[in-house]
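1. task: produce atomic coordinates for the following.
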Amino acid sequence: MSDPASTQWLSGTRVLEFSQFKAAPLAGVCLARFGAEVIKVEHLTGDPTRHYPARIEGESASFLSFNVGKRPFALDFKHVRAAEVLERLVGSSDVFLQNLRPGLLERFGWGPERIHAINPSTIYCSIQGFYPSESGRLGYDTLAQAESGIMSMTPVNDRGPTQIPITAVDAGAGQWAAIGILAALQGSRESVTLRVSLMDVAMNLVDTKGMSYFTESPGAQPGGGMVPSGNFPTADGLLYIVAGNDEHFRCLASVLGPPLADNADYARLADRMERREQLRQEVADLLTTRTADEWCTALSDAGVPVAVVRDLPDAIERHRELSPTGFLGPATPLAFAPPVEVFGSRWTDADQPGPVGSATRDILASVGFSDEEVDDLARDRVIGV
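-> The predicted structure follows:
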């Protein structure tokens, strides 16, 4: 089953995706969910994530998550006959998307210059790890976290700073690549080359924490200006409060009542910052009388930014119940719907990616290959069918 026609704005757009792991596959999923035909080009042995151990119904959970809605195409692009296939595919494609080892495609003659020589209107987009002067380095989400300063802001264990436990840099890179491609599709598309690096994305994610470097003493860790904020214990769990300004604090105090509401020492942010620990303890003492959900409702109704700190199973079940996009199961039991609500439509189950090369024959037929030519390429191990 595919998504409703009202979301298929990229119908007729063909994307050649040479990818592995998460960043470029996520960009491809974003395009596929809005109607693009995304051809997932894999080696004859398949994307490495097909073999990851976390599995659902015999398939890799990671591979399913980031390749729903794509057409599997098996190709050995290092083969001497690969050009016979790629020249026709590139000639029919609007986008060439890749995040393979830096320089690998170029070494075999498939860099942006060759792609644009075949089809000047094909948008070439690569996702790499580091800066152009470091283009030979292999990039992973955790490496970008380490070099960008993100890891330095996380809790420290006996081995030093730790990574954030989600691949936010990979996700950001995939999303920015998709945004760049979508923008380029609106333009003249004459020899457009896009490059997204994990390092640039990571520094972008640093956001206001990074800007603090320019407003505080050089080398200082960015300081927080929201008091009180953070995790607070309640009768049954943790509540995260962000009283980001005087108005938020007045709303918080109006719900928690005296002595907080009557204390003139907390009237201004500067006063609250000066008495940060004292204020935190007073808020914590007042919150122990009710549950996290009860406080969340009361404070949110009063205009306080607040959230319950949930574990992942609880968050998933709540998302399943409340989100207008939600999960897609049962056909894609691991995949969340795109987090864009299209009013008047509802996301449906996306087609799972089939076995390696399961769409190769049909795709080659679409660019003029006969069955005999496809069989010949398969015998030579140029393609897998």
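2. give me the low-pLDDT residue ranges for the protein?
-> 1-6, 208, 212, 216-225, 326-336, 349 (pLDDT under 70).
3. what residues of stretch 268-277 count as buried?
-> If you call a residue buried by 16 or more other Cβ atoms under 10 Å, then stretch 268-277 has these buried ones: 269, 272, 275. No exception for glycine: its C-beta is placed from N, CA and C like everyone else's.
4. any idea how far L287 is from the second one?
-> Noted for R272: a distance of 17 Å to L287, by Cβ to Cβ, to the nearest Å.
5. do the last one as well
-> When Cβ to Cβ is applied, the distance between R275 and L287 equals 18 Å.
6. quick one on the thing from earlier: secondary structure and distance to L10 added to the buried residues of stretch 268-277, as CSV?
-> Listed next are the buried residues of stretch 268-277 as CSV, based on DSSP: H, G, I helix; E, B strand; the rest coil; distance: Cβ to Cβ, whole Å:
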residue, secondary structure, distance to L10
L269, helix, 47
R272, helix, 49
R275, coil, 54
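7. so can I have JSON lines of the residues you listed showing distance to V367?
-> Listed next are the buried residues of stretch 268-277 as JSON lines, based on distance: Cβ to Cβ, whole Å:
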{"residue": "L269", "distance to V367": "63"}
{"residue": "R272", "distance to V367": "66"}
{"residue": "R275", "distance to V367": "70"}
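8. looking at this, I164 is in a helix?
-> No - counting by DSSP: H, G, I helix; E, B strand; the rest coil, I164 is not part of a helix but coil.
9. apart from its chain neighbours, what residue comes closest to it?
-> Excluding the flanking residues, the one nearest I164 by Cβ to Cβ, 6 or more residues apart in numbering is T154, at 6.0 Å.
10. same deal with A359?
-> Distance criterion Cβ to Cβ, 6+ apart; nearest residue to A359, sequence neighbours excluded, is R71 at 3.8 Å.
11. same deal with D200?
-> Nearest non-adjacent residue to D200, counting by Cβ to Cβ, 6+ apart: Y131, 7.9 Å away.
12. verify the stated contact: that neighbour with S197.
-> Yes - applying Cβ atoms under 8 Å, one finds Y131 in contact with S197, separated by 6.4 Å.
13. more crowded one of the two?
-> Using other Cβ atoms under 10 Å as the criterion, Y131 and S197 rank with S197 on top: 22 against 12.
14. got the residue ranges for the helices in the stretch 1-150 of the chain?
-> Assigned by DSSP state H, counting those that start in this stretch, the helices in the stretch 1-150 of the chain fall at 23-33, 61-67, 82-91, 104-107, 112-118, 141-148.
15. what's the distance between the closest residue to P324 other than its chain neighbours and E84?
-> In space, and not counting its chain neighbours, P324 is closest to E341: 4.9 Å by Cβ to Cβ, 6+ apart. Shown here: E341 relative to E84, a distance of 44 Å by Cβ to Cβ.
16. what do you get for E277?
-> 70 Å.
17. please name the nearest non-neighbouring residue to G210.
-> Computed as Cβ to Cβ, 6+ apart, the closest residue to G210 that is not its neighbour in sequence is M203, at 6.5 Å.
18. helix, strand, or coil at the one you found?
-> When classified by three-state DSSP, M203 comes out as helix.
19. burial of it, as a residue count?
-> That count, for M203 with other Cβ under 10 Å as the rule, works out to 17.
20. from E147, how far out is it?
-> Note on M203: its distance to E147, by Cβ to Cβ, is 9 Å.
21. and S93, by the same measure?
-> Counting by Cβ to Cβ, the gap from S93 to E147 is 33 Å.
22. for S133, same thing?
-> Separation of S133 from E147 (Cβ to Cβ): 14 Å.
23. quick one: residues contacting R318.
-> R310 (Cβ atoms under 8 Å, 6 or more residues apart in numbering).
24. which element is it on?
-> R318 belongs to helix 312-322 when elements are defined using DSSP states H and E.
25. show me what counts as buried in that helix.
-> Across helix 312-322, burial judged by 16+ other Cβ under 10 Å covers no residue at all.
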